[in-house]
Structures are given as C-alpha cells and as structure tokens.
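**Student:** structure here, sequence nowhere to be found:
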C-alpha cells in the first residue's frame, strides 16, 4: 500500500502516532525541537533487506538498522528460539552464583571464536555499557596490581565508544561532549588514521607510523606510569567509516605492549562478519586485552553486548582479593537468557547459514560500486572493507574542501535517499555510510547504489550546491 492508497482512518491513526511521538518520546542523538518539527518515520515491518513504514512505503535498508541487523529482518528461526526460551525461562539473574544454559553456552562459543587469549566474557545490554564495563575492569586491574596511578585513557579523534558517561568521553565527536562536561581530565585523544585527510595522503606506512608516534608522544606527555589503556575501533564507524591501512591495528598492538599499557579494541560495529572475518582483529592476528561486542551479536533482535577479557587480566583480578570479596560490577540483565538464546541462533546463521560467505561474496560487488562512485562530481573519496563503507562528498576534488555546514548536506541527503527508497547513514560531515546486511544479494546491492547515485544527482541539481561546487 502506498501513501496515496492509505485509508482516511489509517492516516488519522498514523497522525495520532506522530503526535504522541512528538509529545512523549525522546529519540537518541537528535535535536529535541528539530525532531518535533521533522516528525518520526514510523517503521512497521521488515523482511530481509526491506523495511515498510506505517504508510506502506517499502525502502531498502542499506545500514542494517544501526550497523546491527546483520542477518536481515524477519528471520523466523530467531523468533522461534526467542519464543521457546521465553516460555521455558524468560529471565535468570547472574547474581548469587545463578546461571542459565544459553548464557553459559554463548560465553563458551564467543571465547572459541575470539582471538586467542580472550577466554572470559562479561555480558552487557549493548555496546555503550560494554565499553563502560571495560573501563571499570581496567581501573580495577591496575588497582589490583598496585599501580593505582595508571588512570589515563587514550582514544582517537573521530572515534566512537558509546554514549555512557565514561564511554562518551572516549568518544571524540562534539555532539557527545557538548553540554555533558566531557571529556573528563583522564580522557585524551590522538589524531585519527584518516588516509583521505592525512598529510601524507594514502601512504599506508606513513599513516601507520604517525599513529604509533602520536600514541608514544601522548604517553610520554602524560607519563607512562599514569596511562592505563589505548582504546580504538579497527574501523572508525560513527566518525565517518574511517578505514586505517592494513597493518595499523597490529602496529598499535605492538606499541601498547612496548609502552606497558593495555589495549581495548571496540568491535561493536566491526564484529560478526561486518568486515569479512568474524572479528576485524582476525585480519591482523591481533589479540587485545579487552574486546567489546554488541550489535551483530544478536543482529539487533534483542539487546545484548559483551566484554571479552584476556585471561591474564581475569587471573590477576581474581587473585588480588580474598575469595569472599565480590568484584562490585554487575547488571540486572547481564547474561539474559532470551538474548543469549537469540545470539546463539544468530551465530549459527553466520556460520552454518552461509551468511559469512555471502557477505564476503557480496562485499566484492560492494567494493566495485564504491570504486565506481569515485567518478561522481560530488565524490572526493570512497572507502570500505567487507560490507562496511562510506562515500565522502566534497565541494572541490582537487583541494578536498568540504561544504559549509549551513548547507546541511547530511540532512538533505537523508531526505533525498529516503525519497529514492534507500536508508543509508548521512553524517553531518557530508559522508554517506553503508552497512548492508550480510544477507544482501548482488541485485539488492546494485539497487542500493542506483538509488544513492540518484540522490547524489538530485543533490547536485540544487542551485546552492551547484554554486558551492562550481559545476
């Protein structure tokens, strides 16, 4: 059913929902007044790569919800597993030495799949509290080994590590700091390994060397005895899908070891086949001290995140206090049995259902389309790995100049792509982000880029955009 076919009763109902949304529902990362003016796009159903709103409009979701619906919408086997677990045991606490089978099996499965040495798992509700939990455990670890002065954390500009009070400070995006008194004095940032914007251009060795040098310089500035950890994403997601050169992550792992600091790798976005392998760390044979997971863990079908902790960290914390003394960190819903059962089925679909293989195949076509899009007059750079990528728009290809923020490129693109029938992430810095489901077919991938290209063409036809680009 299209918007024109919607009955008067249905239209009235939908308008009522929009009004209730404006009055009562606070949306994540939005201007409150801006959302009241814009109104919600209310989604009603999903199947595979497609979403349908309350007016019957079908659109291709090329962003997997929020980088998370890796298996696609409407997987009946996940629904069945969730319903069966709800009937059997809808909730079980992990406190007081209680446990449940799905959570236990999931912890075992994750440690089997993770880089060697990450043998212990703490479950959270999502990525933000996974990062927050990792920070707490890192602080506890250094207190346990008698180095309480090691409290400073270093992360990357353009990085994103959640929206908790601690994680949002490691995040280096202005919206997450403004008005929240962040970052905190113990949170620091070094330059992003941003090849397109790097002074040495796409010289991989230079980009890697500059990151290593920046980390060492920051540690020297703060004092090695004061720095606890370096935190990074293998690919920076919300900063604009910034893809470091291959070898970058391994070089930073080696630098952390040399500096005597821990490494926290945030794979909330990159995990579970998003970049090709199960985890992005695998591509460079990196085993961090902590790894945070979420999103693709349950493919968005239920809230869940995880902190994977290295064995040496676990053993140190475990042995540092009397056996009768609890480690005071826990959540009511840690290891939730329904979420864990869903995650187990999602992991089965990745491996036995052929989704990892399909993602790698379709990723080749994805890369071809990204490369083709470089020829568009508005495109300065394209980048990606696996099924994670971006198009960066510029007003001048030669100088790489961006656009005046007053032109609201992100907002315009969001409207244009929606009109063309595709959902992508339109960042404020004129970057279009892609994260299609691992179930995406070649024909759907072609359709995604046909529609995005149409949106870019429409953007270029706007007089003020033509004036800004000189086209």
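**Tutor:** Structure received. Worth saying up front: this structure is predicted, and the values here are computed from it rather than measured. Numbering: from 1, shown residues only.

**Student:** now the one residue sitting closest to the centre of the chain: closest residue in space, sequence neighbours ignored.
**Tutor:** Centroid-nearest residue in the chain, with Cα atoms, centre = their mean: residue 269, separated by 3.1 Å. Computed as Cβ to Cβ, 6 or more residues apart in numbering, the closest residue to residue 269 that is not its neighbour in sequence is residue 237, at 4.0 Å. For glycine as for every other residue, the C-beta is placed from the backbone atoms N, C-alpha and C.

**Student:** show me what contacts that neighbour?
**Tutor:** Residue 237 sits next to 67, 160, 268, 269, 270, 388, 433 when contact means Cβ atoms under 8 Å, 6 or more residues apart in numbering.

**Student:** helix/strand/coil for the fourth one?
**Tutor:** Yep, that's residue 269 we're talking about. What DSSP: H, G, I helix; E, B strand; the rest coil gives for residue 269 is coil.

**Student:** tell me the pLDDT of it.
**Tutor:** With respect to pLDDT, residue 269 scores 98.

**Student:** low-confidence stretches in the stretch 201-350 of the chain?
**Tutor:** Residue ranges of the stretch 201-350 of the chain with pLDDT under 70: none are present.

**Student:** the same query, at a cut-off of 90, please.
**Tutor:** 201-202, 321 (pLDDT under 90).

**Student:** tell me which stretches of it form helices.
**Tutor:** With DSSP state H, counting those that start in this stretch as the criterion, the stretch 201-350 of the chain has helices at 204-222, 248-259, 311-319, 337-351.

**Student:** could I get those helices as CSV with distance to residue 112 and mean neighbour count?
**Tutor:** Converted to CSV, these look like this (distance: least, Cβ to Cβ, whole Å; neighbours: other Cβ atoms under 10 Å):
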stretch, distance to residue 112, mean neighbour count
helix 204-222, 31, 17
helix 248-259, 21, 19
helix 311-319, 14, 14
helix 337-351, 10, 23
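
**Student:** looking at those, which is nearest to residue 326?
**Tutor:** Closest approach to residue 326 among those (Cβ to Cβ): helix 311-319, 11.7 Å.

**Student:** helices and strands around that closest one, which ones?
**Tutor:** helix 127-144 (3 or more Cβ pairs under 8 Å, 6 or more residues apart in numbering; DSSP states H and E).

**Student:** for the helix it packs on, packing partners?
**Tutor:** Using 3+ Cβ pairs under 8 Å, 6+ apart: helix 127-144 touches strand 120-124, helix 167-170, strand 227-232, strand 262-266, strand 290-293, strand 305-309, helix 311-319.

**Student:** show the average pLDDT along the helix or strand just after that helix.
**Tutor:** Scanning forward in sequence from helix 127-144 by DSSP states H and E, the next helix or strand is strand 152-156. Throughout strand 152-156, pLDDT has a mean value of 98.

**Student:** strand 152-156 to helix 127-144, inter-axis angle?
**Tutor:** Comparing the axes of strand 152-156 and helix 127-144 via axes from the mean of the first three to the mean of the last three Cα atoms, to 10 degrees yields an angle of 140 degrees.

**Student:** show me which residues of strand 152-156 are buried.
**Tutor:** 152, 153, 154, 155, 156 (16 or more other Cβ atoms under 10 Å).

**Student:** on that earlier part again, closest one to residue 383 among the helices of the stretch 201-350 of the chain?
**Tutor:** Nearest of those (Cβ to Cβ): helix 204-222, 12.5 Å.

**Student:** about what we covered before: quick one: the helices of the stretch 201-350 of the chain as JSON lines, columns for distance to residue 72 too.
**Tutor:** Putting those into JSON lines (distance: least, Cβ to Cβ, whole Å) gives the following:
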{"stretch": "helix 204-222", "distance to residue 72": "34"}
{"stretch": "helix 248-259", "distance to residue 72": "28"}
{"stretch": "helix 311-319", "distance to residue 72": "35"}
{"stretch": "helix 337-351", "distance to residue 72": "9"}
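
**Student:** for residue 301, find the nearest of these.
**Tutor:** So among the helices of the stretch 201-350 of the chain, helix 337-351 is nearest, using Cβ to Cβ, at 5.1 Å.

**Student:** tell me the helix or strand right after the closest one.
**Tutor:** Following helix 337-351 in sequence, per DSSP H and E, is helix 355-373.

**Student:** residues touching that next one, excluding its own?
**Tutor:** Under Cβ under 8 Å, 6+ apart, the answer for helix 355-373 is 70-71, 273-274, 276, 278, 349-350, 379, 382-384, 386-387, 389, 391, 434, 436, 438-442, 445-446, 448-449, 452-453.

**Student:** can we see that at 7 Å?
**Tutor:** 71, 273, 276, 349-350, 379, 382, 384, 386-387, 389, 391, 438-440, 442, 445, 449, 453 (Cβ atoms under 7 Å, 6 or more residues apart in numbering).

**Student:** how near is the nearest residue to residue 405 once chain neighbours are set aside to residue 455?
**Tutor:** Using Cβ to Cβ, 6+ apart and skipping residues adjacent in sequence, the residue nearest residue 405 is residue 428, 7.2 Å away. According to Cβ to Cβ, to the nearest Å, residue 428 stands 16 Å off from residue 455.
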